[in-house]
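[1] Sequence plus predicted model, see below.
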Amino acid sequence: MEYRELGKNIAIIAGYNNTGVIENGANTVLIDSGEGDKTAGHISRLLEERGLTPSVIINAHSHADHCGGNNYLQKKYGLEIISTHKESLFIENPFLESFCFFSGSKPIKEITDRFLLAAPSRVTRVISPGEKIKIADLEISFLTLAGHSPEHIGVVVNDIIFCGDAFYSEHVLKRYKLPFLCDVDNSIRALELLAGTEYELYIPSHGIPTRDIALEVELNLEKMRKIEQDILSILVREKTTEELMEELFAKYMINTMSVQEFFLLRTTVLAYLSSLCSRNVVRNGFKEGILSWKRM
Ligand SMILES: [Zn+2]
C-alpha cells in the first residue's frame, strides 16, 4: 500500500482500494477503511508514520472491502463513523449482506466469510445525501451516488470528490466483465450526475484518480448498455434466471470460480432484469413452474 499526496492536506492510501485521507489538524478524516484488520493495520501504520491520528471514518458505502477496517480502527482510536441510514444498517449488521445474497434464508458458509462480511462497527453519525457537515474547520458535503449499493454517497472535500464504486477506471472495467450493481437506473443517474459536475479530481475506490469524468462516465455507461443489449438478445426466447446466466456467462467467458462470485454476478443480473421489467422491456412469467424472463 502506498501513501499518495493528491493536493493540499488530501491523500489516498492506494491498495486494492483507495482509502481517502484528509489531514485536518487533530481530526484526520478517512474515506473508507479497507478490506479488514490487516489492511487497517497498514493504514494505521502509514498514518502514524506521518504523525496523523484518524478521528473519523466516512463510509461511502457498506461493502466489506470498504468498511472492513472500521472495527479495527474504531477499537484502536475510538473514532467516529459516518454513513447514510441504509448503508449503516449493513455496516452495523454485516450478516444482513449474506442474508440478502441468499434470498433471506440462512446463508451457506461460503458467503459468510470476511470477503463479503466485514466485522461489525458502530455508526456514530447518520447523514443524508445532500447534507453538509463540518469537522473542525473542514466542510464536507455528500452527493447521492446510489446504484452500486442502496444509499451510496460521493464525499466532497474542497474541489475533490471521493466517488467510491459509483464508477470504475477503464482497466478495472476490463477486468470485471459484469461490474457489480444492485440498481441499474440509479447507477445510470449517478453516472449522469457525475458527468454534470466540475470537480478538480474524481477518485474512484478501485482505479486511478481522474480529471476527465466525462470520459470515465461514457466508458461505464457504454459497458452497461452493452450488458443490457446482450441480456435482451438472449431473452428473445423465454429463459429462467439460471439459463440466462449460463448463456450470458458463456458470451462473456465468465468461469465462475467461487460461490461468492456466483452470488455477486447473480445479484447484478437480477438488477438488470428488475430495471428491464420496470421499463416494460422484459416480462416475467413461469416456465414449468420456475420464474422466467422474456423480452416483450
Ligand atoms: Zn462496493
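    Done, it's in.

[2] rest of the way, CA atoms for contacts and neighbours
    Noted.

[3] Just the buried residues of the helix or strand encompassing Asn186, please?
    Using DSSP states H and E, Asn186 falls within helix 184-195. By neighbour count on 16 or more other Cα atoms under 10 Å, the buried set for helix 184-195 is Val184, Asp185, Asn186, Ser187, Ile188, Ala190, Leu191, Glu192, Leu194, Ala195.

[4] any idea of the pLDDT on the last one?
    Right, Ala195. With respect to pLDDT, Ala195 has a value of 97.

[5] Pretty sure Val217 is one of the things it touches, is it not?
    Yes. Between Ala195 and Val217 there is a contact under Cα atoms under 8 Å: 6.4 Å.

[6] residues shared between the contacts of those two?
    Counting by Cα atoms under 8 Å, 6 or more residues apart in numbering, no residue touches both Ala195 and Val217.

[7] Break the chain down into its domains, please.
    Structurally, the chain divides into domains by automatic domain parsing as follows: 2-224, 226-295.

[8] where does the shortest one sit relative to the chain's centre, distance-wise?
    For domain 226-295, the gap between its own C-alpha mean and the chain's C-alpha mean amounts to 21 Å (Cα atoms, centre = their mean, to the nearest Å).

[9] so how far is the first residue of that domain from its last?
    Start-to-end span of domain 226-295 (Cα to Cα, to the nearest Å) is 16 Å.

[10] Show the average pLDDT along that domain.
    If you average the pLDDT over domain 226-295, you get 96.

[11] Now His63: closest residue in space that isn't a chain neighbour?
    Counting by Cα to Cα, 6 or more residues apart in numbering, His63 lies nearest to Leu116, which is 7.3 Å off, once chain neighbours are set aside.

[12] Also Arg266?
    That would be Met245: by Cα to Cα, 6+ apart, it lies 7.5 Å from Arg266.

[13] all strands of the stretch 151-296 of the chain, in order?
    153-157, 160-164, 201-204, 239-240, 282-287, 290-295 (DSSP state E, counting those that start in this stretch).

[14] now the ones you listed as a markdown table including distance to Val123?
    What follows is the strands of the stretch 151-296 of the chain, written out as a markdown table (distance: least, Cα to Cα, whole Å):
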| stretch | distance to Val123 |
| --- | --- |
| strand 153-157 | 15 |
| strand 160-164 | 18 |
| strand 201-204 | 23 |
| strand 239-240 | 40 |
| strand 282-287 | 39 |
| strand 290-295 | 38 |
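
[15] okay, and for the stretch 51-200 of the chain, where does confidence drop off?
    Confidence mapping of the stretch 51-200 of the chain against pLDDT under 70 gives zero matching residues.

[16] just the helices in it please.
    64-67, 70-77, 85-92, 95-101, 170-175, 184-195 (DSSP state H, counting those that start in this stretch).

[17] if I look at the residue lying closest to Leu221 once chain neighbours are set aside, how far off is Val21?
    Leaving out its chain neighbours, the residue that sits closest to Leu221 by Cα to Cα, 6+ apart is Ile188, at 7.0 Å. According to Cα to Cα, Ile188 stands 28 Å off from Val21.
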